[in-house]
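Asker: Show me the folded form of this:
(chains A, B and C)
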Amino acid sequence: MSTGIVWFRQDLRLTDNPALQKACDECTTVVCVFIDDPLEQTLSQLGEASRVWLHHSLKAFDKSLRSKGSSLVCLTGDSRHALERLATELSATHIYWNRCYDPVTIERDKGIKTALKEITKVETFNAMLVFEPWENLKGDGTPYRVFTPFWKAAAKVLDSNVELLQLAAAPATIPPLNAGQLKKLSDVKTIDELGFVPDKPWADQMMSHWEVGEMSAISTLSHFLEEPVHDYAQGRNIPAQSGTSKLSAHLHFGEISPRYVLATLFEGKSATSLTDDQETFAKEIVWREFAYCLIFHFPHTIDQPLDKRFAKFEWAKETKEHERRWQLGQTGVPIVDAGMRELYATGWMHNRVRMVVASYLIKNLLVPWQVGERWFRNTLVDADLASNAMGWQWSAGSGADAAPFFRVFNPVLQGEKFDKSGAYVRRWVPELSNVDKKFVHQPWALPEAQRKLLDYPEPLVDLKTSRVRALDTFQKIKGTKKV
DNA sequence: TGAAATGTTGGGGCG
DNA sequence: ACGCCCCAACATTTC
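Answerer: The predicted model follows:
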């Protein structure tokens, strides 16, 4: 007789879940547990939108587990104590979990593993990444700081090492606890009792845009691979179009694994024989790997610039009002406001627009990238410490393989290039729904009479002069030492 | 996964 | 026919 505990975190799926598979293989009884650890909320910095998604993801996962004869046991409190208590109550022989890779959770989990080893066998797995962060390094053993060589090395390994994309099978059944064991469990909570969904209308409104859970993740992927992927290189840049995979939140919570995504994309073909569009998509999955590699080797870059010059960068003072207007989508720049409103309404923003709003906050408003990083982390359903920090440092020009600081997006040109008809702007900024496409990305250029009729803010700053100000500010740190 | 400034080229109008 | 200028159109450089 053996009782295994599977501790779930960011791996809320049945397919390609090595911890779950191993438990079902090795144990006569398996208990699936999720722990709402108040410390974890600060450690992994779970934002409000993410908590709502998590609630629905847990519900979906519990349903999946029930279809296999099991269910999700929810506990609250310190993870280590909760696991120790559970192990003792059930006389557990094994504990399994899939590893998390953000630096703070790595440290915490090391301690938990050491403590639990005193009472049971503990085994952990990689279910979150295709490559361990300590794999896929440069020849000299140091991590890549540039994406292209990271990708090339990754593609080569993927081609030569098919086991990397081997998936753990979903268990046919999950042997449940017996009645006696069930009785011994104490302080079990329901998912609703965890209180992840605030009693506010925005949460339901936001979730009306999504279908959460493993089943939805898989069907989202297959629809994406059916059609949009074949025009991905172009289509992913058009925010009014569904040209992106929309898998980010599913991946973050582990409703689907990156291995599964790549294995399905490849369909037996090699990484180097993909079409350009397919390869562009594969690269996005590998960017996520790159982000985890960076955060693993340079953990301080969660909130500190990798490029040391930026420690001395002179950001603007007294920016609270500008920050607030940016958050609310009231900057007076249509594509920026459209993006920020899409984010607030849906918990997601199109990637092209993420780059535009980031460039605007950092360069036109001279607000530190950390401010934007924090807002995204709190409002995105796909908020991910590694990807988010990397993305913001990319925009700021302070990260690995970042856009140079002088690369300032012009939101008018970006709008005219990627939202030609203005459909995206009109969708999220209804004040501009009747503005001609000639002016929809720069309503301030409308003739005075028409402009006065619009109920839309004047721009916070002039695009041209704020661009020059950013470049001048960058000049001051340019000569200084980079690393 | 920029944009603006500056440089170059070549066709066409025109004296 | 020729030189000159203008100015798109494109290329290169700079931030």
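
Asker: Give the burial count for A:His209, as a bare number.
Answerer: Neighbours of A:His209 under the rule other CB atoms under 10 Å: 13. No exception for glycine: its C-beta is placed from N, CA and C like everyone else's.

Asker: now A:Val162
Answerer: So A:Val162, with other CB under 10 Å, has 12 neighbours.

Asker: Now do A:His258, the pLDDT please.
Answerer: One correction, residue A:258 is Pro, not His. On the pLDDT scale, A:Pro258 is placed at 98.

Asker: wait, I meant A:Thr42
Answerer: As predicted, A:Thr42 sits at a pLDDT of 72.

Asker: Let me know whether my guess that it is in a helix holds.
Answerer: Yes: with DSSP: H, G, I helix; E, B strand; the rest coil as the criterion, A:Thr42 is part of a helix.

Asker: wait, what's in contact with it?
Answerer: By CB atoms under 8 Å, 6 or more residues apart in numbering, A:Thr42 lies in contact with nothing.

Asker: Distance-wise, check it relative to DNA strand B.
Answerer: Taking CB to the nearest atom of the strand, to the nearest Å as the measure, A:Thr42 falls 29 Å from DNA strand B.

Asker: and the gap between that residue and A:Ser242?
Answerer: 35 Å (CB to CB, to the nearest Å).

Asker: mind checking the SS state of A:Val31?
Answerer: strand.

Asker: Oops, could you answer that again for A:Val122 instead?
Answerer: Here A:Val122 takes the strand state, with states given by three-state DSSP.

Asker: Now do the same contact list for A:Val31.
Answerer: Contact partners of A:Val31, counting by CB under 8 Å, 6+ apart, are A:3-6, A:70, A:73, A:86, A:90, A:92, A:177, A:181.

Asker: Recalculate using a threshold of 10 Å.
Answerer: Listed by CB atoms under 10 Å, 6 or more residues apart in numbering, the contact partners of A:Val31 are A:3-7, A:23, A:70-73, A:86-87, A:89-90, A:92, A:95, A:174-177, A:181-182, A:185.

Asker: Residues in a beta bridge with it, which ones?
Answerer: Beta-bridge partners of A:Val31, counted by DSSP bridges, are A:Ile5.

Asker: Filter the contacts of A:Val31 down to the buried ones.
Answerer: Those of the contacts of A:Val31 that meet the buried threshold are A:3-7, A:23, A:70-73, A:86-87, A:90, A:92, A:95, A:174-177, A:181, A:185, by 16 or more other CB atoms under 10 Å.

Asker: okay, and for chain A, where does confidence drop off?
Answerer: Low-confidence segments of chain A (pLDDT under 70): A:43-44, A:480-483.

Asker: where does the residue of the stretch 151-300 of chain A found nearest DNA strand B fall, helix, sheet strand or coil?
Answerer: Taking CB to the nearest atom of the strand as the measure, the stretch 151-300 of chain A has A:Trp287 as its residue closest to DNA strand B, at 5.5 Å. Three-state assignment for A:Trp287 (three-state DSSP): helix.

Asker: just A:Phe34 next, same as before
Answerer: Assigned with three-state DSSP, A:Phe34 falls in the strand class.

Asker: so what's it up against?
Answerer: If you count contacts by CB under 10 Å, 6+ apart, then A:Phe34 has A:6-9, A:12, A:54, A:58, A:61-62, A:72-76, A:82, A:189, A:191, A:194 around it.
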